[in-house]
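Asker: just coords:
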């Protein structure tokens, strides 16, 4: 009996510690894609970068449209788009891991990122346009793009399009949205009406 209580106490303590750690590091999931977690901190970084970018674009090209980013419906649609992009990125990363070793993938991605950032002082531009430092820009924007290009190249060798592959992967994938106000419809993320 004492052993059962001790085991139960340890399990409860681990769950509490895990919950506290997830909350403080913002690593709790907003979606699960084929048993891979999309953490809140990735969603938040991508969402903040998207809002910063759209804000700068509207400020530059059409200041009258700037209030659009304060519109609740527009913000919700941006969140849905960001979440869907993260789901696609997770599907792509999983497919690359299925096809190659993690080490090989990381080497290819690192080379692509280095090529994209070589010879240019992007620090100020990245901070201005996206509100990110260069390291975060590499993780949030460049790495997923490099992975997409890598898979696209491999699919091209098989006479396949990445858009067709993504549509099939989304339809067959085990995708669960955990972020309140959104659902997965089998093809993409849709906001749930309030």
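Answerer: Perfect, I can see it now. Just so it is clear, the model here is predicted, and its values are computed rather than measured. Numbering: from 1, shown residues only.
Asker: Spell out, range by range, the helices that occur in the protein.
Answerer: Secondary structure of the chain (DSSP state H): helices located at 2-25, 40-61, 72-99, 102-117, 123-130, 134-137, 143-157, 162-172.
Asker: pLDDT below threshold where in this structure?
Answerer: Counting by pLDDT under 70, the chain contains low-confidence residues at 1-27, 65-67, 119-120.
Asker: let's see 50
Answerer: Regions of the chain meeting the criterion pLDDT under 50 cover residues 13, 15-23, 25.
Asker: dump the residue contacts of residue 181.
Answerer: Counting by Cβ atoms under 8 Å, 6 or more residues apart in numbering, residue 181 touches 76, 79, 191, 192, 194. Using the backbone N, CA and C atoms, a C-beta is placed for each residue, glycine as well.
Asker: Compile the residues you listed into JSON lines and extend it with columns for distance to residue 87 and neighbour count.
Answerer: Formatted as JSON lines, the entries for these read as follows, by distance: Cβ to Cβ, whole Å; neighbours: other Cβ atoms under 10 Å:
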{"residue": "76", "distance to residue 87": "16", "neighbour count": "16"}
{"residue": "79", "distance to residue 87": "13", "neighbour count": "21"}
{"residue": "191", "distance to residue 87": "15", "neighbour count": "15"}
{"residue": "192", "distance to residue 87": "16", "neighbour count": "11"}
{"residue": "194", "distance to residue 87": "22", "neighbour count": "7"}
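Asker: with these in mind, which one is nearest to residue 140?
Answerer: Of all the contacts of residue 181, residue 140 sits closest to residue 79, with 15.1 Å by Cβ to Cβ.
Asker: tell me, what residue is most central in this protein?
Answerer: Central residue of the chain (Cα atoms, centre = their mean): residue 86, 2.9 Å from the mean position.
Asker: and the residue lying closest to that residue once chain neighbours are set aside, how many neighbours?
Answerer: If you skip the residues right next to it in sequence, residue 86 has residue 38 as its closest partner in space, 5.0 Å away by Cβ to Cβ, 6 or more residues apart in numbering. Summarising burial for residue 38: neighbours were counted as other Cβ atoms under 10 Å, giving 23.
Asker: Which residue or residues pair with residue 38 through a beta bridge?
Answerer: Following DSSP bridges, residue 38 is listed with bridge partners residue 31.
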